[in-house]
Structure formats: C-alpha cells, structure tokens
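# pasting the structure only:
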C-alpha cells in the first residue's frame, strides 16, 4: 500500500539536515515518493522500494534525485536486507544485501562525506542484531550513477533502538550521527569527518529506553539545539543539544511511560521558531507549548481520534518539507 500524507497547515522548517535542495526528493513506502519543485509536491510512483518504514534518499543541490536505499518491493516484510538504487531506479553495483530491517522506525540515514561532493555514507540499523553498520556510495563511478564501494562495516557493538538522526556539526563541516542504546539511558553519538567516523561518544542522561520504547521517532529542531525522542511505551524525552560538544542536557520527560496503554508516541516534530512541539500516536496528534512554565501540562489534542473507532487512521513519522509544512505518513 502506498502511503498518504496528512499535512499540518502551519509554516514549519526544521534545522537543515541537508543543504538547499538535497532533501527535495523523498522515496518511501511501496514504490511511492514526493518530489518538490519550487516548493510544490509532485507524486512519484516509479521507485523499486517496498517498505513500511526504513528508507532514505538524497538529492543534489538542485533537488534532483541522486540515489535511494531500503528494502525492495519484491522482498518479504521481514527481510533484513536493503538495496541501493540510482536515480534511474537501477540497482547500483554491489548495492544489494546491506544490513537493514524493513520495520525499523529510523533504520537508514544518508550523510554526505565532508569535503567530497561525490561520496556519501549510508548508516543502517540491522534488524537482526540491532547493531549499527555503514556503507559508502561513490557517485564518481559507474558513469556517474554510483557504486557501493564499501558495505556493511560494523560500527556499533551494542543493541541500539530504532532512533537515528544526523545533525550538522557547529563547525559547519562535520556531522553528528545520534543513536540511543536499548535498555539503558545511554546515547551513542558519532562524528563524521573528512577523514573518519569517530566514536561512539557515550553519554548517560534521561530515562532508560526499555520494552516497546525502542520504537518511535527522534527529531531535532531547526537550529539543531533541541532533540525529542518519541516512544511507543508512552515515552517523550526532551533535551537540549550542543552542536559543538555533542552533549545533551536539561532532560524533561513530557510523556507518561507508565500509561502506554493510552498514549503510544510514534512520531514527533518541532515548529519553525521552536516554540511548539508536535507528537503523535497511531490516531491522535498533540502539541506542547515549549514556552510554557509547565511544558508537560500544556499538552493539547489538535487532531485525530475524537469519538470514532480507534485505529481508523494510522499516523506515522513526521517529515519537514521544502514547502515549510509538516508531512505525516498515514
């Protein structure tokens, strides 16, 4: 089933994970996608992707698709292998059997290699051991269509959750790749430089992520200075983030992990000016006022289950688009 979108009618723009144009094409779901032209979305239905959650894609500075990765439409839903396709939907050389998992919330992340406009890292969470792996794509090869030159390099020897994001380092060149260990309160952060991937830098802070809390989205605000972690056990952890040191601080628990029967968060996002936080369950959407004295008490239901049958809608992850809106997969 191809995924549809619920659009929040507010102006919103997260901290730029990619430079101008690099996030203009999204490939996701079952052969689905969206390409933004002058800020307007145009549907794509020609990809080879077939997945519930885990996928990643990247464009060039002009917004043209370069490549994408994720499980194939011809794979079983439990398949723990991802594939890398070029902009013409052709499998890249050496682009099969990347460690992955189709139902991992944020299981795949593409990061440009600092200092080299032709090379890209793909970070994948493996659905079998929940370890972190990376591969590399070189677009200078295969006639400009790319080749996977390095594949399935083991990076993390601990079980991590389904949460992974990239944030540009304060130096304007490097990248932070941020994950979280399962059954603990430890963040595992890495720094991607022109020379290597350094880390993990481990920090213990906040509540432990246990049980069903391993699933759910992690999001960052437009300045890269605040992070939110949503958990399907009712977790909603809020932090300040230092883009220089990679350290988190000022932890706030905005959820109710002990009440996961009623509130099971899966998606989350920030408003453009950073004053509002959005968090969703499978059929409801809430907002929090981050300027309030008591942020947790400011929780307000704005959409979703209002007396119909629970589960009538299935709200997925949030994504910020070039047209300055929050798109949510249904």
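Ah, there it is. Note that the structure is a prediction, hence the values are computed from the model and not measured.
# where's residue 34 relative to residue 107, distance?
Applying C-beta to C-beta, to the nearest Å, the value for residue 34 to residue 107 is 20 Å. (Each C-beta comes from the backbone N, C-alpha and C, glycine too.)
# Give me the distance between the two termini of stretch 137-150.
7 Å (C-alpha to C-alpha, to the nearest Å).
# My error: substitute stretch 48-59 in the last question.
First-to-last distance for stretch 48-59 - C-alpha to C-alpha - comes to 17 Å.
# what lines up beside the helix or strand containing residue 27 in the sheet?
Following DSSP states H and E, one finds residue 27 within strand 25-28. When sheet partners are counted by DSSP bridges, strand 25-28 sits next to strand 32-37 (antiparallel).
# Show me the shaky parts of the stretch 1-150 of the chain.
1-20, 29, 31, 73-80 (pLDDT under 70).
# what does the strand holding residue 27 rub up against?
Outside of strand 25-28, the residues within contact range by C-beta atoms under 8 Å, 6 or more residues apart in numbering are 3, 33-36, 44, 47, 49, 51, 55, 57-59, 63-65, 68, 70, 319, 329.
# What subset of these is buried?
Taking 16 or more other C-beta atoms under 10 Å as the criterion, what is buried in the contacts of strand 25-28 is 3, 33-36, 44, 47, 49, 51, 55, 57-59, 63, 65, 68, 70, 319, 329.
# which ones among the residues you listed are found in strands?
Mapping these onto strands (DSSP state E) picks out 33-36, 44, 57-59, 65, 68, 70, 319, 329.
# Redo these as a markdown table? Include distance to residue 168.
Output for these, formatted as a markdown table (distance: C-beta to C-beta, whole Å):
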| residue | distance to residue 168 |
| --- | --- |
| 33 | 24 |
| 34 | 23 |
| 35 | 23 |
| 36 | 20 |
| 44 | 27 |
| 57 | 18 |
| 58 | 14 |
| 59 | 17 |
| 65 | 21 |
| 68 | 21 |
| 70 | 23 |
| 319 | 18 |
| 329 | 25 |
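# Which of those residues sits closest to residue 170?
Nearest to residue 170 among those: residue 58, at 22.2 Å, using C-beta to C-beta.
# What strand or helix carries the residue nearest to the closest one when sequence neighbours are not counted?
In space, and not counting its chain neighbours, residue 58 is closest to residue 110: 4.6 Å by C-beta to C-beta, 6 or more residues apart in numbering. Here residue 110 sits within strand 108-112, counting by DSSP H and E.
# right, and the helix or strand after that strand?
strand 119-125.
# just checking, what packs against that next one?
Contact here means 3 or more C-beta pairs under 8 Å, 6 or more residues apart in numbering; DSSP states H and E; on that basis strand 119-125 packs against strand 65-70, strand 98-99, strand 108-112, strand 132-138, strand 160-168.
# Before I go, just wanted to say thanks for your time.
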